[in-house]
Structure formats: C-alpha cells, structure tokens
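Chemist: Dropping the sequence and predicted coords here.
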Amino acid sequence: MSHQSPPRWAEFLLKRLLSARDRETVTGDLHEDYAEFLVPRFGRRRANLWYLHQISSIATRCIREGGTVTKLLFLTSAVTLLCGCWLAFMECLLRHPGFQTRAAVALLIAAAGLATLLVRLLHLGVRNERWLWAAAAALIGLGVFSFLRNARGAHFEGFVFVIAIVIVLQGLLMLVNLGRRSHPGRTVAGT
Amino acid sequence: MTGSLSYAYIVGMADLLGTFEQAVLLSILRLGEDAYGRAILRQVQVSLARSVVAGAVYTTLDRLERRGFVDSRLAPGTAIRGGRARRYYMVAAEGNRMLADAQKTLAEMWQGVKLPVAVKS
C-alpha cells in the first residue's frame, strides 16, 4: 500500500483550526481517508481538492458553532478587511494629496480585520494575548478618532462613518471575546 | 389540537434530535465497535445517500458528546494515518433514549397518514 500524505501546509492549516483535543484524531481520520481511499482512486490532485474542501467545512462549522459574539466578530472583521482594501485601492487610484498616509492607514485597517480572522480561526498568537488586547484598544481608538474627525470635518463622508462604527464594534467584540475566552480545547473548532 | 397539547408537542419537538444527529447516532450503532470518525463519516454518507463533509460530522459528534448522548475513547492509530490516535464513539444511555423518543414521535406523527395525501381543489 502506497503511503501518501496531504500537503504539509494544508495539514498545518487543519491542525490550527482544530482544538487540542481533536487535533490528532481528526487529522488522522482525514489522512487515512486521503491515503487509503482518495489518492489511489482519484489521484493526488483531486484528493488535495477533497482535503481542502474538508478544511473549509471545518472552518465554516467553526464560525457557525460559535456564539453570537464570535459570529459578529467574524462579520465585522470581514467588513473591515474589505473596506480597508477598498479604501487603499481608491486612495491609490485617485491619488489626492496625502494619499500615501491614508492608504497606509486603510491597509492597517484591512490588516486588523485579516489578523482578527486568522487569530480566531487558526488560534494564531493566542498564547500571547497582550498584543490582542492592545490591538483591540487601538482599533477602538482609531474608530473613535475617525468618527469624530469625520463628524467635525467640512465634508461628512458616509463611508468613513460606517467604517468607523464597524471598527469600534470590532474592537469591542474583541475585548468581549478575549474576556470570556477560557480554554479552547473542547469543541472541534475550539470556538 | 388544544392549547396544552400543542405546548407539550412543541416542547417535545424542541427536545428531539435533528435528522443529521439521528443519522450520526444510528451510524454509530450500526458500526458498533468500529465507530470512529472516518468510519462514521462514510456510514452517514451511505445512510443519507449524499456527500457529507467532515466538518458536519465532527461538530455533530462533539455536540452529541457535550449533551451526553455519546461517549468516546482513544485508541492507538495505524501506520496509514501516520500513527495518529483514533477516537471511537459509542451511544450512551441518554442517546439511546433520545433515539427511541425520536422514533416514537415520528411514528405518532405518521399515524393515520396515508401517502399520497389527497389534495382538495
């Protein structure tokens, strides 16, 4: 029997999604199916696609099984990621004076959204929570600053208003999430 | 249906297992001693006659275990799975009771119903 393994990066991703309790057993199950059934029958390429599909199903369940706070946090993070990317893109496209600084801030906002998604989904960096608290506080600060500046400015921009609120919400949800998180080792996805 | 009856009916339905949960529990019962994650996934696919993703099965197993409907134990893994442990599942007494309740409720719901149901025009 030929012994084939899923791609290392995919297995790493799967392990990060799973709680400590399920890490060995679930990756073992999928490894077994991959090597014993899928690769011999469908070839490595289709087996890899199947493996990725299973990872995405576990990630989706991780979000679905999470509580309201977790779902809202995923939603706000996705919104800030998209808005940050859009703002940076538009700033670079329009090139108004001082666009570099604004594009950099927009990219920072996008990075905060992406980082939150990665931290919550893949449990990256959770061993050192201090920087997460700092990031949440920074997000709230940035959101409040943008909100006030936009409100006092000569030209009120609805888009900035919405992003500022979402950023503050994301920061608050991060604080709630950090505060209530205990041990992530029970559920499949650890949420 | 009277008020008290409908209340009891709704409360009873809320306690019932979902179709997927029943499929997972019945797969564990069918597999007996061989009920571990991968085997359950395959058995559920056979039972439901459709493709089922791993995430659905593992989260359901996790939920059933938290509710006390299944128990699990770890066993050593084989070479094909890189030596990783297997988690074997068994239906707990509470799970058996819930399955029996679900079966009974469904039987009561279907009592006196004949398909195809005549539709009045």
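Modeler: Cool, the structure landed.
Chemist: residue contacts, B:Val91?
Modeler: Counting by Cβ atoms under 8 Å, 6 or more residues apart in numbering or on different chains, B:Val91 makes contact with B:25, B:28-29, B:69-70, B:99. Where C-beta positions appear, they are placed from N, C-alpha and C, glycine not excepted.
Chemist: Alpha carbons of stretch A:53-66, as PDB, please.
Modeler: Output of stretch A:53-66 as PDB, limited to C-alpha atoms (Å, rounded to 0.1, in the frame of the first residue of the first chain):
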ATOM      1  CA  HIS A  53     -13.000  21.000   1.000                       C
ATOM      2  CA  GLN A  54     -12.900  19.200   4.300                       C
ATOM      3  CA  ILE A  55     -10.800  22.000   5.800                       C
ATOM      4  CA  SER A  56     -13.200  24.600   4.600                       C
ATOM      5  CA  SER A  57     -16.100  22.700   6.000                       C
ATOM      6  CA  ILE A  58     -14.400  22.600   9.400                       C
ATOM      7  CA  ALA A  59     -13.700  26.400   9.200                       C
ATOM      8  CA  THR A  60     -17.300  27.100   8.300                       C
ATOM      9  CA  ARG A  61     -18.600  25.000  11.200                       C
ATOM     10  CA  CYS A  62     -16.100  26.800  13.400                       C
ATOM     11  CA  ILE A  63     -17.900  30.100  12.600                       C
ATOM     12  CA  ARG A  64     -21.400  28.600  12.700                       C
ATOM     13  CA  GLU A  65     -21.000  26.800  16.000                       C
ATOM     14  CA  GLY A  66     -19.500  30.000  17.600                       C
END
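Chemist: quick check, it touching chain B?
Modeler: Yes - counting by Cβ under 8 Å from any Cβ of the partner chain, contacts between stretch A:53-66 and chain B involve A:53-54, A:56-62, A:64-65.
Chemist: coming back round to it: show me just the buried residues among the contacts of B:Val91.
Modeler: For these, a burial check counting by 16 or more other Cβ atoms under 10 Å in any protein chain shown picks out B:25, B:28, B:69-70, B:99.
Chemist: which two in the residues you listed are spaced the farthest apart?
Modeler: B:Val70 and B:Leu99 (11.0 Å; Cβ to Cβ).
Chemist: Name the residues contacting each of these two.
Modeler: B:25, B:91.
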